[in-house]
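1. Next comes the sequence, and after it the predicted model I'd like to discuss.
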Amino acid sequence: MKNTNDFSADSIDLAILQALQTDSRQSFAAIGRTISLSASAVRERVLKMEDTGLIKKYSVTVDYSLLGYDLEAIILVKVFHGKLKPFLAFLPQLKAVQKAHRITGNQNVHLHVLLKNQLQLQQLIDSLMDYGDTHTLLVLSEIETN
């Protein structure tokens, strides 16, 4: 895979990206109709953006509450000195973690988690406390930005 620095997106590429971010399941023909381009030209550009790594993956937005996950939280972790590598190795075992980021500031890891209830949250926090201090924030709702 090439480095994305080797790729320069023009206004057409940006329009295709915007269309895919709105609905990544729409056909190349549908995107082409929106931006006045043939389906084959859209396909060629999408494949090029995939090859260069500009498009990393396609995803689905799931309403996890319909699956019984009624608790969403952000957990900030200040990992103890010397525990970062073991902590990073431990993270993939945690099914509740949807996203994890290394961050700057007082805490050095940000976790976005989905859980069924408060007991699961308590158990998760207990398992994290072996690696560092935690600060937990419950998500009340999502704010649409686009």
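-> Nice, thanks for sending it over.

2. Let's verify the closest residue to residue 94 other than its chain neighbours: helix, strand, or coil?
-> Spatial nearest neighbour of residue 94, excluding adjacent residues (CB to CB, 6 or more residues apart in numbering): residue 124 at 6.9 Å. C-beta coordinates here come from the backbone N, C-alpha and C atoms, glycine included. Under DSSP: H, G, I helix; E, B strand; the rest coil, the three-state class of residue 124 is helix.

3. Can you get me a residue count around residue 124?
-> Neighbour count of residue 124, defined by other CB atoms under 10 Å: 21.

4. so what's it up against?
-> Going by CB atoms under 8 Å, 6 or more residues apart in numbering, residue 124 touches 75, 94, 96, 113, 115.

5. Then residue 37?
-> By CB under 8 Å, 6+ apart, the residues touching residue 37 are 12, 31.

6. ok, back up a step: next one: the residue nearest to residue 94 from residue 111, what distance?
-> Distance, residue 124 to residue 111, using CB to CB, to the nearest Å: 9 Å.

7. overlap in contacts of the two?
-> residue 75.

8. Since that was my last question, I'll sign off now.
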